[in-house]
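> Can you look at this prediction? I've put the sequence above it.
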Amino acid sequence: MNRIVVTGMGVISAIGHSVQENHAALVSGKTGIIKGGGNFPSRYAGLLPFGEVLINTDELKIKLNVTQPGVTRTTLLALHAFNEAIADAGLTVDELSAHDTALVGATTVGGMCLTDELYANTHGDTENIEYVKSFDYASVNLFIQNRYNITGVVNTMNTACSSSANAIMYGCRLIKTGLASRVIVGGADSLAKFTVNGFNALRILSDEACTPFDQNRKGLNLGEGAAFLVLEKESDAAGKKIYAQVSGYGNANDAYHPSSLSPEGDGPYLAMKSALDSAGLKPADIDFINAHGTGTENNDEVESRAMLNLFGTLPNFASTKGFTGHTLGAASAIEAVYSVLNIDRQELYPNLNFSQPIADIGLQPVLDHRPAAITHVMSNSFGFGGNCTSLVFSKP
Amino acid sequence: METAELKEKLKVQIIQFLNLTDLTPADIKDDEPLFGDGLGLDSIDSLELIVLLKREYGINIQDPKEGRKVLVDVNTMAEYIKANGQK
Amino acid sequence: MMFYIHKAACISPQQTFGDIDIEQLHLSVDNKLYAIEPKYPHFNGNALRRMSKSTRMGSGAALPLLADEAKPDGIIIGTQVSGMEENGKFLNQIIEYNEDMLTPGSFVQGTPNTISSQIALINNNKNYNLTHVHRGLAFENAVIDAAMLINENPGHTYLLGGVDEISANNYTLDTLGGWFKKEACQNDELYNSTTNGSLSGEGATMFTVSGSKTGALAKLTAITTIHSTDTVIVRERIKSFISQNLPNGEKIDLLLSGENGDARTLPFYLACETLLDNQVPVARFKHMCGEYPTASSFALWLASNFLGNGLNVPQHMLKKQGDFNGVKNILIYNTHKMGQHSCVLVSLVE
């Protein structure tokens, strides 16, 4: 059995513009969530906290040497993380354009971050049409594909907050079925009026820093960022740094409600269960769970119940949303990087802002940075539309 | 506005706002529960109705839980609008 | 990698749902081909009122395929930006109400994974569920997903679909982008047009697919995606696709060409035609469904029905009469916005 291994990673989030910077913040417990003082142009900028990447779009273009028109912030964040990941894995120009190299990316905002521009273009502005070709989700990966002349399978998926977990799963399956030898998988989302107002209309944004798994949680904070991972067959990775193995994945639907999880968390339970099954592991084999843990009333309670149903006694678990905010289509990929760091560095990172367990449940997440023997990590992602996906990463 | 008139107007607005195309105002009884067994509305509808109260009557309900007390049936909605409406 | 197509249902601008009659061409209105929507039944799980047009059409097309006792082992949908009409309503609210007190309904309905999740709700289906949104290859990627799943689990059955809708927003944006004709053009005159752009279309096509041959309508023998704007490269890739996947001694018996009346894409379709023998019939379908990112799913519905349901190729589709001598292998070639191309080989089940 040829194992699928992680040979490169790139991430940009509110807590740093590289894997190294993200790691440093995780270790020191330094959040990236701010209330005011960023660049995000929304009436909620000073009213609600956000996990913003503190580099403005024009600076990003200069840093990434992007000069062509019509490139959105979502795409720039994706490119930033993509560049770091392929450099880390040492992929050559020829490898990138080889027919057996695939790109699978996820986004839930894509070009919809351009709310004002799209409004102008759909209400009579026929002059400033720089962005009309990039309003969709695929525009992000099509830009990266063109920039690097990727000729293999290229795909974009959107299953709300589990999007990039599905991109990682899909990449593994492309390798397993022989449609690709190496895949670059991940996701990106920028802060957008579209999502901020959508989540606000659903009344699930907290006006304070989010407190995942806490009894008094008030909702989630939105964030932005991107992460990509390079996955290769172990046999092709000789001589490379191998961070971890992707050992399992599971996808299920909760089939309960458009924007809430079922009380017992059928979808989350089934996703976690099938991820374990595909990895050939028992619940007791999991050393740590990077929980979805958004900080909403619904998610954290349901996720807790589903974890209890599956694991009985829970392993260590934590949500990293208190660092980055909920980065939607990027969240699973960013958290995949953090899960891989759990394994590579043999350590755990804290669940920020926790003080009191949820009544009737009584679970307490990891509260500090500490060394730990970690062999298997599960990472959970549950989205609107009941789309639930869990991944398992293992020590190589 | 007379209460009866307000209730009729509310029913029209509810149907329009929630896109209840298979209903007419006459189908909604004043005391028919909006949620659960009555009209069968759900949590997203309750958020939509809170926006209806804001846009049409200038009523601000910040806490969705507070909204649940107001949004029991057309009677309770009309009473609340009578007591708190700005428009 | 391949699979068998067992059932197919399609809501399109033509009479393809229920009693099928594609002989009579339904005409476009203001350069748009709107889907003929059936009277939908009462949906379980959530009311019709909560559905975007895409979700409504997708669920409506899926329903006849979900009548069996056994639930599909997964639901896989390809769509570019379904729910764009609702999405557009929400974007408009953001500006018009200056981000204050918005209604969440349009936001929830405007996300593309609503189709697959709504079908999951209707079917109470907790299995695999994925939405591919890779623009003009969204449906092709969904097909590849299904093919991989069937390769992994030959006994499983999956619901596979392609859905997109005409919305005010995407019509305006794509017209500004130069993809739809600016002058009036009726669909029965589409291929006589020499200008840039096509007609806007929409539809929802659903299939049940599995690894089992018994009772199948058609076999999806092979699929490939091509990313290039160079006709020479695209022609070479189509050529090698045919030679690699066509069984020895067999030939392409019918080309289903995605030609769309856009002067810029015509060279690609002509390049594809030059790869085939002179007597091979060429049929076009975009005058029936219009141009939309997942229009290849409409072509796959046609191919399945030509091969397995005794449906005849109507005259209005034929570009080249050719030699109809028992159709066994159908090649579907399509390009969307020139950069994304796909080839699908659909074969008779013997």
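Alright, I've got the coordinates. Numbering: from 1, shown residues only, chains lettered A, B, ... in the order given.
> ok, residue 243 - how many residues close by?
The chain I'm using is chain A. As a burial measure, A:Y243 scores 24 neighbours (other CB atoms under 10 Å in any protein chain shown). Yep, even glycine has a C-beta here, placed from its N, CA and C like the rest.
> was after chain C, sorry
Neighbour number of C:S243 under other CB under 10 Å is 9.
> Equivalent analysis for C:E250, please.
10.
> pLDDT value on it, please?
Here, the pLDDT recorded for C:E250 equals 94.
> Pull the contacting residues for the nearest residue to A:N353 once chain neighbours are set aside.
Closest residue to A:N353 apart from its sequence neighbours, by CB to CB, 6 or more residues apart in numbering or on different chains: A:T211 at 4.2 Å. Counting by CB atoms under 8 Å, 6 or more residues apart in numbering or on different chains, A:T211 touches A:R217, A:K218, A:G295, A:G322, A:L352, A:N353, A:F354, A:S355.
> Throw those into JSON lines and include distance to A:E52, neighbour count and secondary structure, thanks.
Listed next are the contacts of A:T211 as JSON lines, based on distance: CB to CB, whole Å; neighbours: other CB atoms under 10 Å in any protein chain shown; DSSP: H, G, I helix; E, B strand; the rest coil:
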{"residue": "A:R217", "distance to A:E52": "21", "neighbour count": "24", "secondary structure": "coil"}
{"residue": "A:K218", "distance to A:E52": "19", "neighbour count": "17", "secondary structure": "coil"}
{"residue": "A:G295", "distance to A:E52": "17", "neighbour count": "27", "secondary structure": "coil"}
{"residue": "A:G322", "distance to A:E52": "15", "neighbour count": "27", "secondary structure": "helix"}
{"residue": "A:L352", "distance to A:E52": "16", "neighbour count": "21", "secondary structure": "coil"}
{"residue": "A:N353", "distance to A:E52": "18", "neighbour count": "19", "secondary structure": "coil"}
{"residue": "A:F354", "distance to A:E52": "23", "neighbour count": "21", "secondary structure": "coil"}
{"residue": "A:S355", "distance to A:E52": "25", "neighbour count": "9", "secondary structure": "coil"}
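> Write out the residues of chain C neighbouring chain B.
C:A47, C:L48, C:R49, C:R50, C:M101, C:L102, C:T103, C:P104, C:G105, C:V108 (CB under 8 Å from any CB of the partner chain).
> Recalculate using a threshold of 10 Å.
Residues of chain C lying close to chain B by CB under 10 Å from any CB of the partner chain are C:42, C:46-51, C:93, C:97, C:100-109.
> so where's the chain shaky on pLDDT?
Since no chain was named, I'll use chain A. When residues are selected by pLDDT under 70, those of chain A lie in A:1.
> let's do chain B instead
B:87.
> PyMOL command for the buried members of the residues of chain C next to chain B?
In PyMOL, a selection of the buried entries from the residues of chain C next to chain B looks like this (16 or more other CB atoms under 10 Å in any protein chain shown):
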select buried, chain C and resi 46+47+48+49+50+51+93+101+102+103+104+105+106+107+108+109
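> Can you name the two of the contacts of A:T211 that sit furthest apart?
A:K218 and A:L352 (14.3 Å; CB to CB).
> Report the secondary structure element holding the residue nearest to A:N353.
Using DSSP states H and E, A:T211 sits within no helix or strand.
> Residue in chain A with the shortest distance to chain B?
Residue of chain A nearest chain B, by CB to the nearest CB: A:R203 (5.2 Å).
> which SS class is that residue?
With DSSP: H, G, I helix; E, B strand; the rest coil as the basis, A:R203 sits in coil.
> What residues does A:D368 make contact with?
A:G29, A:L348, A:Y349, A:P350, A:N351 (CB atoms under 10 Å, 6 or more residues apart in numbering or on different chains).
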